[in-house]
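# This is a predicted model, with the sequence first.
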Amino acid sequence: VQLVESGGGMVQPGGSLRLSCAASGFTFSGSDMSWVRQAPGKGPEWVSSLDTGGGSTYYADSVKGRFTISRDNAKNTLYLQMNSLKPEDTALYYCARDQALVAGPYDYWGQGTQVTVSS
């Protein structure tokens, strides 16, 4: 099983980034998926989830209206479009397979991609 995140980087406040998560080794199309982030010195924070078909999406209040989760089951890839980024969005972002659709528990994790929002 592999989940490989990419697309992180440094961006100014108000900027945008698109994260990707390439999945392999399990049935991605049959899996609910989530994004989870961890800021320095803090515990993991659930960010967003979507169901197997991508028709049902869920967001933490802190990112609602700014982030969009999506998936391409043909490419076994999960995405997170992040707009209007704020310094408080700075964190290591992980994709994870969600066993309960929203906010875990999670059985598979990627290695994370760093997002830094700073002027």
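Everything's here; your move.

# Does anything pack onto the helix or strand of the chain with the lowest mean pLDDT? Which helices or strands?
Within the chain, no helix or strand scores below strand 106-109, which has a mean of 94 by mean pLDDT, DSSP states H and E. The contact analysis (3 or more C-beta pairs under 8 Å, 6 or more residues apart in numbering; DSSP states H and E) places strand 106-109 against strand 33-38, strand 91-98. C-betas here are computed from N, CA, C, even on glycine.

# what lines up beside the first one in the sheet?
This means strand 33-38. When sheet partners are counted by DSSP bridges, strand 33-38 sits next to strand 44-50 (antiparallel), strand 91-98 (antiparallel).

# how about these, which one is nearest Gly7?
Closest approach to Gly7 among the strands paired with strand 33-38 (C-beta to C-beta): strand 91-98, 8.8 Å.

# contact partners of that closest one?
3, 5, 8, 19, 21, 23, 26, 31-40, 44-45, 47, 49, 78, 80, 104-115 (C-beta atoms under 8 Å, 6 or more residues apart in numbering).
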